[in-house]
Each structure stands twice: as structure tokens, then as C-alpha cells.
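**Q** Kindly return the folded structure for what I paste below:
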Amino acid sequence: ATFGAILDSRCYLEGGGSAESFLATEDLAVGSIIGKLRINGDPTAETGDINLSLREKNAPVEIIAGSKELALSVELDKEGLRGPSSIYVNVICVRRHSTDPSFVIPVNVRVTDVNDNAPQWIGTPYTLTLSEVTVPGTRILQGARAEDADQPGPFSTVEYQVLAGPYSEFVQFLNPLEGTLVLKKALDYEQLQNFTVKLRAQDQGTPPRHSDTLLRVVVTDADDQNPKFQRESYSAELPVDGRPGELRMRPELLKAVDQDEGICAPIQYTIVQSQDAKYFRIHPHNGAISLLTPIGYADVANGATLVVKATQIDNPDRYALTTVQLTRPGSHSELSTLAFVQKRFVMRIREDTAVGNRILALPTNKPGKHLKYTIPDPVNSQFFSVGSLGELVLAKPLDYEKMTKHEFQVQATDGMTNSTAELTLEVIDVNDWEPRFRETHYEFMVPKSSLQSRADSFEGVLIGKVEAADGDRNDKLELSLRGQHAGLFEIDSSGSIFMRPEQLQSLNESTVHLIAIATDTGIPPRSTSVPVSVKMEGLTLAQSGWNSNMLGMFGMIVGLFLMIIVALSCYIVRSKKQGKSATSGLGLGRNRVHSQAHSSVSSANLVTHEKLAGNGNGNGNGASVTSGGVSVLHMKHGGNITMANPMNNGLHHVASGASSSMALGSSAALLERERERERDRERQRESYAATVRIFLPGIVSRASANGQLFEEEEIEHDSLQTENNNRKVMANSSGGVASGGVTTITTHSTSPANAGSNLLAATDAMGSSENNLTVYF
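**A** Predicted coordinates for the structure are as follows:
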């Protein structure tokens, strides 16, 4: 049964796994099959062995009855507006004819984006109000924007364009990916007061989706037109009797209006100074001409010609001229000589003045269409023409860069007489050219030799030159560089680009991308740019050289530190060796000599220096206390002392002096034995461990019975603990007494003639009884 259960793979996923995943596009139709579940088993109703169902109610997907296919039941939308942007359900699988629990299989459906949304304009329609003097190239609309609801990518990337149609030549987008509109063509209020163009926003899908909107531009009038008289010329008759009064104008009252209809500035009238102007006056507002003083017939026998000037009150540079022909009744003015009102006309004109505009009026004393005008100069006759009423008209566009001034003559004839006037027209420069580079892209290579030879120099390295020019005659160009690493380079007025090699350490790229910008000095200024690429051929070499220098310096510093450490180590080892050699001079192993003059109680437990008067056997000699552990020699005014090593002959100590336990032979014999012991001690010196400590006062000798050495701390501790006991032992050591494993030999000498006089003399030479000597073996 267990083996059969293992072989039952129903409700498991084919190929393993615990969940199912599917992809579905958001434009998938409702009812379409998303995919087939990879579940082992047969879900058919009659012969199947599993049942499949969904745990969730009202799920956006459904399982086709009797199959493993998963179908879509609702509309999908990646943006989540019209439907779900993802689906997550649980499929329940039940084994038929089995008591096994059901299986839950998670199913995830990911919705992928499609280009189902068109860009939508924000804040449309757009309306602009522009002055007619707005310079072409000016940004007239910024921030025009359309949004695409699709997911980030090509489906939501919007491009802008002006659709072809009427007036589409007036505006254009500065960049297809940016909603900035610029004026492309000059405006003229007198010809076009408003216009409408169509704008389009389009995504980058396949096929693309788009939406359109309208841009309405309202043109406002600017003061760019001169006033204009209703007639080209006027006439009037002088009074017969010559009395002062207002003259009657023909064919109508003299009147001029501003041609800028949106401004319609008020006009002021004046009479241009001439020989006959002193007799007349003109009203500044209505243009009525009056005779000021009485005149005789001889004063203006042939009549007179007045030049009337109409000037805008708000702009004196805007004016118009006309002539008033004055005649006497019955005179034949038509027989008079033809003449221009002025012999010389001077005027300034902008180079962007439109072709066909009237520039100047050339009045004569016989105005009318019967006159014929010609320009003899063949060059200037191409630029200008004169109308039948004497108006100078521009026939060809002006160009300040080619010709800054036009000087020519105009001839007029009535068939009988001729007249000539000189004209001087000064052209005003307009910034109508953008700077231009010779190349569309510049690439320069910096050779290795330049970086190696000037790596440490502050002199700039010339890497190349860009060439730019401006079509405007008086404009000067200013060149500059932009970019992330523009600070590493300089550019002069001639376009030469220099590199600063001293700042190359901050550069970690082999190719530098810059933008060269040329800006002219016109009004308004214009600029253009070009990409510049600089490849550093020797950058890796230069940087590696710099790193090698730094690594070399770092290595020198590390080497210096290592030498110092090695020298210190050698010094420490040598000092330790010298210390050991000095210690071995007193004995091998743990032989040490200490001088502690400051300690007064460090060996109190071993020897207590006392004056033993009347103790012992009454002969004034000291006592010797012997123990199996340690022998201590206590001498009073004694002589020399020699101690044998107990390591060779056991716990045996020989002392010089008097003792109650042995009879004194003779001093000579005792001294001879002591000298023999001393010679033995010198021979065995290399194998002994001795520590000599000098204490003040007293001389104490302590030896270990088993050859072990006692550390200072142990001796000090023993001294403090057994001080009282030792005092008691020493006080009762008049006879041969054994106590505490300590043997004390005390010698008292009262006579210099004693047999141990040599020993006592040696003792006196070492010092008084206040000086103690302790020797550890």
C-alpha cells in the first residue's frame, strides 16, 4: 500500500514545482485561453481521475469543464483602470476514488503591456498672443505636454510635431521629444492678425497612437509702420488779395493716419522748413494750413510748394511726408519747372524689412500720376523701385552682410522737365544668422608623447581646433565648452582646445565627451553647439606612472619602518643576551645577586642578629644550631666564611667558629679547612646556583637542602610569617639545639688573640655587625 501511494502522482505538477505561472497580454479577449495547467491526472467527467476547481469565487479566470485549460473571464488592463493588472488564484485538485486530502496549486497570471493608450494633451487647446515684432527663433510656448498611460518604455514615449497645413510654416517644435515651440517665420499684423495650427503628440509604439490639438496665435500690432496721408499730394489756391486766412485744400482736407491699426497713434503736423514756409502755418492736430502775413503778387508769383510732415506723437521716428502745391488764381503752374521737394533724402532701414513695403515718399512740386520715375543705378534698381506717385518700394531683400549702405539717384520727369534727388539708405543689422561649425562632430586624439612629456607641466597641451563662423557682419563669436570634464580643457577665441595635464589624476575615462558652444553677440544672441570627443591614448600610461611613483614612495616608507622594527628587535635580543651573560658571571642557571639595602626584615625568619652575652657555655663563643633542612651561619665580629654546596654532599654545612657540639682544635686547622672548602667551591662554581643578596644590617646565609632556589617573594613571605618563631629559636641557641629544620652557628669573639683571629679580622674588614650577607645556593 505504501509503494502504491508513492507511485500515485495525481495532482502533482508535471516536471515538479509547486505553482503555475502564465503570461497574458492586456488586450487578450474575454474567453480566450490563457494556458493549460500542467497537473498530472485526467479531469474529464466520465473517465477522469481528478477534479479541478478554483478556490476563489468570482475569479477573473475560469477552468474549462473537463479540461486543464485556464480561460479569461474579465478584461485585463496593465494600468489597472479597466481591469486587473495581474491575477493570482488557487486551483484545488482532488483525487477521485481516494481519501487523500485535496491539493492547492497557486496560479499566477502576469499581464504584459501593449500600446493601447494614445497620448493625451494636458491643458489644451493652447492660445498665444504674440507681437508682430517677435524675432524668429524666439521660444513662444514652453511646457506643452502630452501624457501616455502605457507603462514606461516606447509605448509611453511621446514625440511632438506640427502638422502640415495653413500657417504651419510659422511655428515648429525645438525638439521632437520636448514640447517647446519656437517662432519660425516673422509675423506682420497688417497682413495676418491671427492663425491656427494643428499639433500632434504621438507615441513610439507599432503601430503608433496619437492625439491632436489646436494652437491659436493672436498677433498684436507693433509700431513698425509709418503714418500715411490719405492722398499722395494736395493743392490749394492763394487768396486773390493776399490777405491772411485759412487755405482751402483740394481734393480734400489734409489728413494722415497711423498704419499700425492696433496702435493708431495720434499724429502731429508740421511744415518742413523752406524758403516759402515762413508765410504759412499748419494746425498741429487737424492739418489746416493758413496764411500768416499778407503777401504781394511778387512774393509768390509762381506759387509755392510746401512739404508737410505727419509725425507720431509717441514715436518721432515714425513719420510721413506729403506736398501741398500753392497757386495763384489764373496762374499756369503747370508750366513751372519740375523739382523734388528735397534734393537729398536720408533714411535708415532694417535688413529684415519685407519685400514690397513702402520705404519713403519722394514728393515733387507737381505731384500726380503723370510723372515717371527711374533709378539709373543698375545695382540699386534691383533692390528698389519707385511707384507712379513717387513712393520708394523695396523690391529685393536687403542683406547687411553684403551691403551696409545704398546710395543712388532717382530721376523724375513730366515730359517737359526733369528733376533728380539723391537717396542714402543705411541698412540696420539684424541678427538673422546662427553661428555654424565647419564640422558636425569633432574627434581628437591625445598621443602618449603629449601626456608623458607634460605630465608634470602646467602648460596646456593643444589637442585640436574647432572652426565656427557667423553670417552676421558685426557679430563676434564666444566659444565655450560644456560637459562633465569640461574643467580639464580650455578653448580660446580662435577655437583651439587645450588640455590641462596637471588635472589628469581626477580623470578616470579614456574618452571624454564635450559640447562646444558658439554664441554670437547679436541682439538677440544666437548660439549653436557641436559634440566633441577627446580620446586619451596615453591616459593609462600616465596614470600607471603616477601610481608607480606613489607605490614606490609607499614601499620606501614601509621598508623604512621594517628596518626600524628589525633594528629594535636586534637591540632587544642583544640586550637580553648581555643580561644573561652578566647573570651567568655569578653562577649558571638561576644564580642571582641582589642588593637590597632598603629591606630591614626580609630575612628575619632565617637569621636574627642578637648580642649573645653570657649565653651558651659562658665562654663568649656563639652557638651553632643544625637542622636537616637549612644551615644558617650567624657570625659576630667573626672572620671569613666559606660555605660548601649542599647539592654534592647532602645537607652538610661547615662553619668556622666555636660550637658547643664540637671542640675547637686550633684556629690554623680551621682556617686551612675553610680555604680547602673555598677552592672546592671555585671548582664547582659553574654548576652551582647562587644568589647573593646584601641586606643592611646583618649577614645571613641560607641554603636549600634539596638544591632548589627560593624566589624573593617566597623569602619575604617566609620572613614575615616566621619572624617571631626564629627570634625564639635564636634566643635559645646557646647549646646544640635542633629546631624548625634550621641550624644556626653563632660566634662571639672577645679576644684578638683568639685562635680564629684571622676570621675575626676578615669579619671586621667586611664591616660591623650591622652588615648582613645572605647567600642562596
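**Q** nearest spatial neighbour of Ala65, skipping sequence neighbours?
**A** Nearest residue to Ala65 in three dimensions, chain neighbours excluded: Ala45, at 7.4 Å (C-beta to C-beta, 6 or more residues apart in numbering). C-betas here are computed from N, CA, C, even on glycine.
**Q** Near the one you found, how many residues? Count them for me, please.
**A** 8 (other C-beta atoms under 10 Å).
**Q** what do you get for Glu443?
**A** Around Glu443 there are 12 other residues, counting by other C-beta under 10 Å.
**Q** How much space separates the residue nearest to Ala65 from Lys184?
**A** Separation of Ala45 from Lys184 (C-beta to C-beta, to the nearest Å): 73 Å.
**Q** Run through the stretch 601-750 of the chain and note the low-pLDDT ranges.
**A** Along the stretch 601-750 of the chain, segments meeting pLDDT under 70 span 601-667, 685-750.
**Q** now do 80
**A** 601-670, 681-750 (pLDDT under 80).
**Q** Now do the buried residues in stretch 154-171.
**A** 155-156, 158-160, 162, 167-168, 170-171 (16 or more other C-beta atoms under 10 Å).
**Q** contacts for that stretch?
**A** The list of residues contacting stretch 154-171 from outside it, by C-beta atoms under 8 Å, 6 or more residues apart in numbering, reads 113-115, 117, 119, 140, 144, 146-150, 172-173, 176-179, 181-185, 187, 192, 195-205, 212, 215, 217.
**Q** run the last query once more with 6 Å
**A** For stretch 154-171, contacts defined as C-beta atoms under 6 Å, 6 or more residues apart in numbering pick out 115, 119, 146, 148, 150, 172-173, 176, 179, 181, 184-185, 195, 197-198, 200-205.
**Q** List buried residues within those residues.
**A** 115, 119, 146, 148, 150, 172-173, 179, 181, 195, 197-198, 200-203, 205.
**Q** Could you list which of those residues belong to strands?
**A** Counted as lying in strands by DSSP state E, out of the buried ones among the contacts of stretch 154-171, are 146, 172-173, 179, 181, 195, 197-198, 200-203.
**Q** Identify the farthest-apart pair in those residues.
**A** Phe195 and Asp203 (27.9 Å; C-beta to C-beta).
**Q** Sheet-wise, list the partners of the helix or strand harbouring Thr420 with their directions.
**A** If you go by DSSP states H and E, Thr420 is part of strand 418-428. Strand 418-428 pairs in its sheet with strand 344-350 (parallel), strand 405-413 (antiparallel), by DSSP bridges.
**Q** I'd like the mean pLDDT over it, please.
**A** Averaging pLDDT along strand 418-428 gives 90.
**Q** For the stretch 301-450 of the chain, which segments count as helices?
**A** Taking DSSP state H, counting those that start in this stretch, the helices of the stretch 301-450 of the chain run over residues 380-383, 448-453.
**Q** lowest-confidence stretch among these?
**A** Among the helices of the stretch 301-450 of the chain, helix 448-453 has the lowest mean pLDDT, at a mean of 62.
**Q** partners of the helix or strand just after it in the sheet?
**A** Next along the chain after helix 448-453, taking DSSP H and E as the criterion, comes strand 461-465. Strand 461-465 pairs in its sheet with strand 496-499 (antiparallel), by DSSP bridges.
**Q** tell me which strands and helices the next helix or strand after the partner strand is in contact with?
**A** Counting by DSSP H and E, the next helix or strand C-terminal to strand 496-499 is strand 511-520. Under the contact criterion of 3 or more C-beta pairs under 6 Å, 6 or more residues apart in numbering; DSSP states H and E, strand 511-520 touches strand 477-482, strand 527-536.
**Q** out of these, deepest packed?
**A** Of all the helices and strands packed on strand 511-520, strand 527-536 has the most neighbours on average by mean count of other C-beta atoms under 10 Å, namely a mean of 18.
**Q** Which secondary structure elements does that one sit against?
**A** strand 442-446, strand 511-520.
**Q** what about 8 Å?
**A** On a contact count with 3 or more C-beta pairs under 8 Å, 6 or more residues apart in numbering; DSSP states H and E, strand 527-536 meets strand 436-437, strand 442-446, strand 496-499, strand 511-520.
**Q** Ok, which of the helices and strands packed on strand 511-520 comes nearest Ser18?
**A** Smallest distance to Ser18 across the helices and strands packed on strand 511-520 (C-beta to C-beta): 53.8 Å, for strand 527-536.
**Q** Neighbouring strands of that closest one in the sheet, and parallel or not?
**A** strand 442-446 (parallel), strand 511-520 (antiparallel).
**Q** Among the buried residues of stretch 154-171, which are located in strands?
**A** Per DSSP E, the buried residues of stretch 154-171 map to strands at 158-160, 162, 171.
**Q** Next one, pLDDT for Pro208 please.
**A** At Pro208, pLDDT is 91.
**Q** Am I right that it sits in a helix?
**A** No. Counting by DSSP: H, G, I helix; E, B strand; the rest coil, Pro208 falls outside a helix, being coil.
**Q** so how many other residues sit close to it?
**A** Other residues lying near Pro208 total 14 when counted by other C-beta under 10 Å.
**Q** and what of Leu54?
**A** With other C-beta under 10 Å as criterion, Leu54 counts 16.
**Q** Could you check the pLDDT of it?
**A** Per-residue confidence (pLDDT) for Leu54: 93.
**Q** repeat for Ser21
**A** At Ser21, pLDDT is 93.
**Q** Please name the nearest non-neighbouring residue to it.
**A** Asn108 (4.9 Å).
**Q** Look at stretch 232-252 and report the distance between its end residues.
**A** Using C-alpha to C-alpha, to the nearest Å, one end of stretch 232-252 lies 12 Å from the other.
**Q** Can we start the residue count at 41 from this point?
**A** With 41 as the first residue, the last one maps to stretch 272-292.
**Q** pLDDT of that stretch, averaged?
**A** Mean pLDDT, stretch 272-292: 82.
**Q** tell me the contacts of the closest residue to Leu331 other than its chain neighbours?
**A** Nearest residue to Leu331, sequence neighbours excluded (C-beta to C-beta, 6+ apart): Pro284, at 4.8 Å. Neighbouring residues of Pro284 by C-beta under 8 Å, 6+ apart: 330-334.
**Q** Just the buried ones among those residues, please.
**A** Leu331.
**Q** I'd like to know which of the contacts of Pro284 is nearest to Lys97.
**A** Using C-beta to C-beta, those come closest to Lys97 at Ser330, 104.0 Å.
**Q** State whether the closest one is indeed within a strand.
**A** Yes. According to three-state DSSP, Ser330 belongs to a strand.
**Q** contacting residues around the closest residue to it other than its chain neighbours?
**A** Distance criterion C-beta to C-beta, 6+ apart; nearest residue to Ser330, sequence neighbours excluded, is Glu286 at 4.7 Å. Neighbouring residues of Glu286 by C-beta under 8 Å, 6+ apart: 328-331.
**Q** In CSV, list those residues along with distance to Glu292 and pLDDT.
**A** Listed next are these as CSV, based on distance: C-beta to C-beta, whole Å; pLDDT from 0 to 100:
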residue, distance to Glu292, pLDDT
Ala328, 12, 89
Ile329, 13, 90
Ser330, 17, 89
Leu331, 20, 85
